[in-house]
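> After the sequence you'll find the predicted model.
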Amino acid sequence: MTNTFIHAIENRRSIYALDKNVKVSKEEIIKTIQEAVKFAPSAFNSQSAHAVVLFGSESERIWGEGGIAERELRKVIPEGQSFDSTAQKLASFNAGVGTVLFYEDQAVVKGLQEKFALYADNFPVWSEHSTGLTQFAVWTALSEIGIGASLQHYNPLIDAAVQAEFDIPKNWKLRAQMPFGNIAAPAGEKEFAPIDERVKVFG
């Protein structure tokens, strides 16, 4: 019997060659992301994970020429160093149809720390688990409807500019960005370490 979940996570790959020729509707993409965020698990059912979905010109405000990512990166790249390779990478993200911004609500984390003081030190760690699970769920769900994506981490460099640009609540902490679109070229072969070195079984 085929395990459809294993098949789904096997097919989820980092897709960098994107274009805008998606075969599914904007509404289906939104619903897929909403359901993945809704059902992703979190410690104490905190539901601290949030997502902001940007389409078209809104996504271009992040990745487009002269956009947030370029402006913030140019501030930190040493003078005289070529920006060409970085510009090409940003252009590849901009070639898709949209971007998911992943956030963790720090007010939720703080509230749990106050309510369950015994575990206070653990809640920031569990928050990172929450966003990772949510990112994985969204990524895999998009893959299942034929949408390619990759996971980027331009935070904290772009945090303040994105917060101001899209009026993001101050208690939301940006954890990752996921540009997505039609798969213009598949991912290459992936190498795996021997599984018996990674999974130990006793008994």
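Thanks, I have the structure now.

> Pull out the buried residues from the one helix or strand Phe136 maps to.
Element membership for Phe136, per DSSP states H and E: helix 123-144. For helix 123-144, burial by neighbour count (16 or more other C-beta atoms under 10 Å) applies to 123, 126-127, 130-135, 137-144. Where C-beta positions appear, they are placed from N, C-alpha and C, glycine not excepted.

> now do stretch 7-15
In stretch 7-15, counting by 16+ other C-beta under 10 Å, buried: 12-13, 15.

> Where does the prediction get shaky in this structure?
1 (pLDDT under 70).

> I'd guessed Glu72 sits against Asn155; true?
No. Between Glu72 and Asn155 there is no contact under C-beta atoms under 8 Å: 10.4 Å.

> Bridged to Tyr103, which residues?
For Tyr103, the beta-bridge partners under DSSP bridges are His50, Leu174.

> Look up how far Glu128 lies from it.
Distance, Tyr103 to Glu128, using C-beta to C-beta, to the nearest Å: 12 Å.

> Give the residues shared as contacts by those two.
Arg175 (C-beta atoms under 8 Å, 6 or more residues apart in numbering).

> Any idea how far stretch 142-155 is from the middle of the chain?
Distance, stretch centre to chain centre, for stretch 142-155: 6 Å (C-alpha atoms, centre = their mean, to the nearest Å).

> Show the end-to-end separation of that stretch, please.
22 Å (C-alpha to C-alpha, to the nearest Å).

> buried ones in that stretch?
Quick answer for stretch 142-155 (16+ other C-beta under 10 Å): 142-144, 147-152, 154-155.

> From those residues, pick the one nearest Glu191.
Ser150 (18.0 Å; C-beta to C-beta).

> Let me know whether the closest one touches Gln177 as I believe.
No. In this structure, Ser150 is not within contact of Gln177 by C-beta under 8 Å, at 9.3 Å.

> Helices along the chain, start to end?
For the chain, helices defined by DSSP state H occupy the ranges 4-11, 26-39, 57-63, 68-76, 84-94, 106-115, 123-144, 159-166, 195-198.
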